[in-house]
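Trainee: Pasting the sequence and the predicted model now:
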Amino acid sequence: MTYLTRIQQLNSANLAEYRPLILDGDAVGLIWEHNLARLQAHGIVLREEGARYIWDAPADFAARNRLLANLAAALYRSGYISGWRDEKLPLLASLHHPARALIERAAAPVLGVCGYGVHANGITERDGVPHMWIARRAASKSVEPGKLDQIAAGGIPHGIGILANLIKESGEEAAIPEALARQARPVGTISYTAQTENGIRADLLYLYDLHLPADFRPVNRDGEVAEFLCLPLDEVARLVRETEEFKLNSAVVAIDYLIRHGYLTPDDIPEYPNLCRDIRRIHPLLGQ
């Protein structure tokens, strides 16, 4: 296994099988050709226009949401989607554009809605050696249970800002005080297009680095973390490279950190140029 393979695993969708979903002039999703008939059967009728699908949705925001809520409920009952979250994701061109409609998070891949998330790398030192705090996801998690993850991470639900969500997740997942969480520094983004059984996970993650005091010990409060590990960075790199212990997108977040801080170098990694290129690929919706 190579670091580049990890990034390729996270970009497994064949984008030739997808077309942008346009709503109110905005590209708000990616429609898989295999989902067209299913969407139409549940009242979401799309109009083909060149290489795009247009949804001539009702003008009323609430009416749109009812259509999408009925779609999600029907797909859940039929078993086409699973892992119901009872959390709404917005259909929008970016986090700084108005929401055009809302859909249950579990159904987002069916419309290829861009999911936004935030991940914090928790960094500390032990005996002068940089370490990273790693969370092991609880066995009850609907997505990649038991896998390794950043100390705090989560999707950004409708109506909450990026930093506010980071503070919320840091408190819930690792008992990081708000004043300390506010010291996290934004360091960039990664995006990816992963094929799922029912569509595409087309996500954009906002990344933060947070330096934690040597005596800090994370404590989980929301039941989503089974344990915390404080690992030297060479062990983090080994786990990413040699095992499948890490959650897929969390592995790529770790790779990004290792590149930015010089732990992966051109002399050691033959595919270094491709690694740097692919980890910074532009999200297909944001590139419209």
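Mentor: Nice, thanks for sending it over. Small disclaimer: the values here were computed from a predicted structure and weren't measured.

Trainee: Quick check: which helices or strands does the longest helix seen in the chain pack against?
Mentor: Under DSSP state H, the helix in the chain containing the largest number of residues is helix 61-78. Applying 3 or more CB pairs under 8 Å, 6 or more residues apart in numbering; DSSP states H and E, we find helix 61-78 packed against strand 101-104, helix 108-111. All C-beta atoms are positioned from the backbone trio N, CA, C, and that covers glycine.

Trainee: Given the helix or strand just after the last one, what are its sheet partners and their directions?
Mentor: Going down the chain from helix 108-111, the next helix or strand is strand 114-126, by DSSP states H and E. According to DSSP bridges, the neighbouring strands of strand 114-126, each with its direction, are strand 129-137 (antiparallel), strand 152-155 (antiparallel), strand 199-211 (parallel).

Trainee: Check which residues of strand 114-126 are buried.
Mentor: For strand 114-126, burial by neighbour count (16 or more other CB atoms under 10 Å) applies to 114-124.

Trainee: One more: stretch 146-154?
Mentor: Applying 16+ other CB under 10 Å to stretch 146-154 flags 147-154 as buried.

Trainee: which residues touch it?
Mentor: Stretch 146-154 has contacts (CB atoms under 8 Å, 6 or more residues apart in numbering) with 117-122, 132-139, 165-166, 168-170, 173-174, 176, 181, 210, 218, 225-226, 228-229, 239, 245-247, 250, 253-254.

Trainee: chain center to that stretch: distance?
Mentor: 11 Å (CA atoms, centre = their mean, to the nearest Å).

Trainee: Next: stretch 99-109.
Mentor: Centroid separation for stretch 99-109 versus its chain: 14 Å, with CA atoms, centre = their mean.

Trainee: How about stretch 239-259?
Mentor: That offset, for stretch 239-259, works out to 14 Å (CA atoms, centre = their mean).

Trainee: For T196, see how far away the spatially closest residue to F246 that is not a sequence neighbour is.
Mentor: Among residues not flanking F246 along the chain, L148 sits closest, at 4.5 Å (CB to CB, 6 or more residues apart in numbering). L148 is 21 Å from T196, where distance means CB to CB, to the nearest Å.

Trainee: got the angle between the helix or strand A194 falls within and strand 114-126?
Mentor: For A194, the host element (DSSP H and E) is strand 185-196. Inter-element angle recorded for strand 185-196 and strand 114-126: 130 degrees (by axes from the mean of the first three to the mean of the last three CA atoms, to 10 degrees).

Trainee: hang on, the earlier thing: wait, which of the buried residues of stretch 146-154 is closest to P266?
Mentor: Using CB to CB, Q150 comes nearest to P266 of the buried residues of stretch 146-154, at 25.6 Å.

Trainee: Tell me the bridge partners for that closest one.
Mentor: Beta-bridge partners, per DSSP bridges, of Q150: I134.

Trainee: Also the one 4 residues further on?
Mentor: Counting by DSSP bridges, G154 is bridged to V118.

Trainee: Find me the pLDDT at it, would you?
Mentor: On the pLDDT scale, G154 is placed at 94.

Trainee: The strand holding A194 pairs with which strands?
Mentor: strand 199-211 (antiparallel).

Trainee: So which elements touch the helix or strand following the partner strand?
Mentor: Scanning forward in sequence from strand 199-211 by DSSP H and E, the next helix or strand is strand 225-232. Strand 225-232 is packed against strand 114-126, strand 129-137, helix 162-174, with contacts defined by 3+ CB pairs under 8 Å, 6+ apart.
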